[in-house]
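Student: quick one: sequence and predicted model below, then my questions.
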Number of protein chains: 2
Amino acid sequence: MVNIEKNTELTILNAAKKVFHRKGFDGARMQEIADEAGLNKALLHYYFRSKEKLFQAVFEHAFSEVFSKINDVFHSDFTLASKIEVLVSYYISFLSENSYVPWFIVNCIYEKPESLKHFMETNNFAPVSVLQMIAKQLKEEYNIEIDPMQVYMHVLSLCIFPVIAKPMLQHVFGMDSIQMNNFYDQRKKIVPTFIANAFNGYKK
Amino acid sequence: MVNIEKNTELTILNAAKKVFHRKGFDGARMQEIADEAGLNKALLHYYFRSKEKLFQAVFEHAFSEVFSKINDVFHSDFTLASKIEVLVSYYISFLSENSYVPWFIVNCIYEKPESLKHFMETNNFAPVSVLQMIAKQLKEEYNIEIDPMQVYMHVLSLCIFPVIAKPMLQHVFGMDSIQMNNFYDQRKKIVPTFIANAFNGYKK
DNA sequence: GTCTATACGGCGATAGAC
DNA sequence: GTCTATCGCCGTATAGAC
C-alpha cells in the first residue's frame, strides 16, 4: 500500500479503522493492521502503546461521527417531520455506504462497554436534550403525548437496523449490490412517509 | 455449578450457549465454557471435535429459534395487523429477556458468514413466501402497493433494534433495569399502534 | 523513527492414565 | 467417559540495532 498520508500516526489510524471495522476487537490482528498500513508491527506499539489504546481511538471517531449528527439536526429550527426527513436521509446514505459502522459500534458496546463509558466521560455528550425537543414538538405539532424515547427508538431503528442486517439480506434473500442500493435508496422516501403517516394517525 | 442435565453433551451445549452469547466466537474461551459447565476442557473436544463445531451447534439453535416464529405467524390466517401485533409482542418479550440473542446472530453473520450459509443450506428455509403473503395482505386490506421487503424491515427493525441497543440505552441514558422493563413492555402496545397508524395513513 | 528478532503468555487441541 | 498434563502455535509486546 502506498503511503499517501503526511505522517505515520494517521496512516496507522486509518489502517486500524479498516481492520477493526472488518474484524472487531478480538478478531483484529496487529500484524494485519501493520500490513494494511504498509508498516511494521513494532511501530503500532511505538505510536499507540497497546492494541487497547489504538482501538479506543478508532471507536471514539466512529461513535462521534454517528451521534454528533443527531444532536445537530434535533437542535435545529425545523418541524419534527422535516428533521426526521433530513436525519433519515443522511443516515441511510452514510450508513449504507459505511455499513460496517453500525455493526462496529454495537459490537464494541457488547465486547468492550468500557469504550462507550470512556467516551461518555471525556466528551460530555447530552442526549437528554434531544428527548425534550422531541417531546415538545410531538405535543405542539401533533398533540401526541408519548414517551419521546419510544419515538427516538422508532427513528433510529428504521434507519440503523436495515443496515446492520445487510449481510442477512444478501444471504437470506440473495439480493445483489444493485438491488441493495435500490432498496436503501427507496427507504429514504419510504421511512419518512411511514413515520409521518403514523404521527398523523394519532390525531384522529 | 451443579450438573442438573441428564447427559454431559447437553451440559456442554448449554454452557457454550451462555459463553458464546456473552463473548462471541473470538472472545469465547474453551476453558471458560468448561468452567461454566463444571467439566474439563478436554471433554469439550471429546463431544464436539473443535471450537468451530461447538459454535455451529449453538448458532443454529439461536437462529432457528428467532426465524421459525416469523414463518409460523405469517402463514397463519389472521389480518396483517393481528399478525404484526402477535409477532411484535412475542419478539419484544422473547428478545428483551434474551437480549444477547440478536447481537449474537448479527455478530455471527459478520464474524462467520459461513455459519448462516450452512444453516440456510441444511434447513431449507423459505422466507420469500413471507414476503408474498405481506404483499397480498397490504393490497387487500389497505390497498397499499409498496415493496413488502420494506414493510418486513420496518417490523423487524422496530422489534429487534431497541433490544440490540439495550446496553446503549443503559449507558447513554442511564436507564436502570426497572425502566428498561417498562420501556419494552410499553413497546408491545406502542409499536403495533404505530405501524397500524402508518398503514391507515396511506389509505387517504 | 523505523526496522528485525525474540520474549512471554494464552489458547486450542491431543496424548494417555484411570 | 472423564480426567491431568502437555504440546505447539499464534499474537501482543518489547529489546535493541540502525
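Tutor: Arrived safely.

Student: quick one: contacts for A:Lys189?
Tutor: By Cβ atoms under 8 Å, 6 or more residues apart in numbering or on different chains, A:Lys189 lies in contact with nothing. (Glycine included, C-beta is placed from N, CA and C.)

Student: if you set the cut-off to 10 Å instead, what comes out?
Tutor: Contacts here follow Cβ atoms under 10 Å, 6 or more residues apart in numbering or on different chains; on that basis A:Lys189 touches A:Glu85, A:Val88, A:Ser89, A:Ile92.

Student: now, which of these sits nearest DNA strand C?
Tutor: Nearest to DNA strand C out of these is A:Ile92 (Cβ to the nearest atom of the strand; 37.6 Å).

Student: now do the SS call for that closest one.
Tutor: helix (DSSP: H, G, I helix; E, B strand; the rest coil).

Student: give me the average confidence score over stretch A:109-127.
Tutor: Averaged over stretch A:109-127, pLDDT sits at 80.

Student: for stretch A:177-192, that is, sorry about that
Tutor: Rounded mean pLDDT across stretch A:177-192 is 96.

Student: buried ones in that stretch?
Tutor: A:Met180, A:Phe183, A:Tyr184, A:Arg187, A:Lys188, A:Ile190, A:Val191, A:Pro192 (16 or more other Cβ atoms under 10 Å in any protein chain shown).

Student: let me have those residues in JSON lines, extended by distance to DNA strand D and secondary structure.
Tutor: Formatted as JSON lines, these follow (distance: Cβ to the nearest atom of the strand, whole Å; DSSP: H, G, I helix; E, B strand; the rest coil):
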{"residue": "A:Met180", "distance to DNA strand D": "31", "secondary structure": "helix"}
{"residue": "A:Phe183", "distance to DNA strand D": "35", "secondary structure": "helix"}
{"residue": "A:Tyr184", "distance to DNA strand D": "33", "secondary structure": "helix"}
{"residue": "A:Arg187", "distance to DNA strand D": "37", "secondary structure": "helix"}
{"residue": "A:Lys188", "distance to DNA strand D": "38", "secondary structure": "helix"}
{"residue": "A:Ile190", "distance to DNA strand D": "42", "secondary structure": "helix"}
{"residue": "A:Val191", "distance to DNA strand D": "39", "secondary structure": "helix"}
{"residue": "A:Pro192", "distance to DNA strand D": "42", "secondary structure": "helix"}
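
Student: from DNA strand D, how far off is A:Lys51?
Tutor: 4 Å (Cβ to the nearest atom of the strand, to the nearest Å).

Student: need the CA coordinates for the one helix or strand A:Tyr152 maps to. PDB is fine.
Tutor: Using DSSP states H and E, A:Tyr152 sits within helix A:148-164. Backbone C-alpha positions of helix A:148-164 (Å, rounded to 0.1, in the frame of the first residue of the first chain) are rendered in PDB as follows:
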ATOM      1  CA  PRO A 148     -40.100  10.600  23.400                       C
ATOM      2  CA  MET A 149     -37.600   7.800  23.900                       C
ATOM      3  CA  GLN A 150     -40.000   5.500  22.100                       C
ATOM      4  CA  VAL A 151     -40.200   7.800  19.100                       C
ATOM      5  CA  TYR A 152     -36.400   8.300  19.200                       C
ATOM      6  CA  MET A 153     -36.000   4.500  19.100                       C
ATOM      7  CA  HIS A 154     -38.500   4.200  16.200                       C
ATOM      8  CA  VAL A 155     -36.500   6.600  14.100                       C
ATOM      9  CA  LEU A 156     -33.100   5.000  14.900                       C
ATOM     10  CA  SER A 157     -34.400   1.500  14.400                       C
ATOM     11  CA  LEU A 158     -35.800   2.200  11.000                       C
ATOM     12  CA  CYS A 159     -32.500   3.700   9.900                       C
ATOM     13  CA  ILE A 160     -29.900   1.600  11.500                       C
ATOM     14  CA  PHE A 161     -31.300  -1.900  11.700                       C
ATOM     15  CA  PRO A 162     -31.700  -2.500   7.900                       C
ATOM     16  CA  VAL A 163     -28.000  -1.500   7.500                       C
ATOM     17  CA  ILE A 164     -26.900  -3.900  10.300                       C
END
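
Student: for the contacts of A:Lys189, give me a markdown table that also has secondary structure, pLDDT and distance to DNA strand C.
Tutor: Shown next, in a markdown table, are these (DSSP: H, G, I helix; E, B strand; the rest coil; pLDDT from 0 to 100; distance: Cβ to the nearest atom of the strand, whole Å):
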| residue | secondary structure | pLDDT | distance to DNA strand C |
| --- | --- | --- | --- |
| A:Glu85 | helix | 96 | 46 |
| A:Val88 | helix | 96 | 41 |
| A:Ser89 | helix | 95 | 41 |
| A:Ile92 | helix | 94 | 38 |
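
Student: which one among those gets closest to DNA strand D?
Tutor: The shortest approach to DNA strand D among the contacts of A:Lys189 belongs to A:Ile92, at 33.4 Å (Cβ to the nearest atom of the strand).

Student: if I look at the closest one, how far off is B:Ser157?
Tutor: Distance of A:Ile92 to B:Ser157, computed by Cβ to Cβ, to the nearest Å: 12 Å.

Student: nice, that's everything, thank you.
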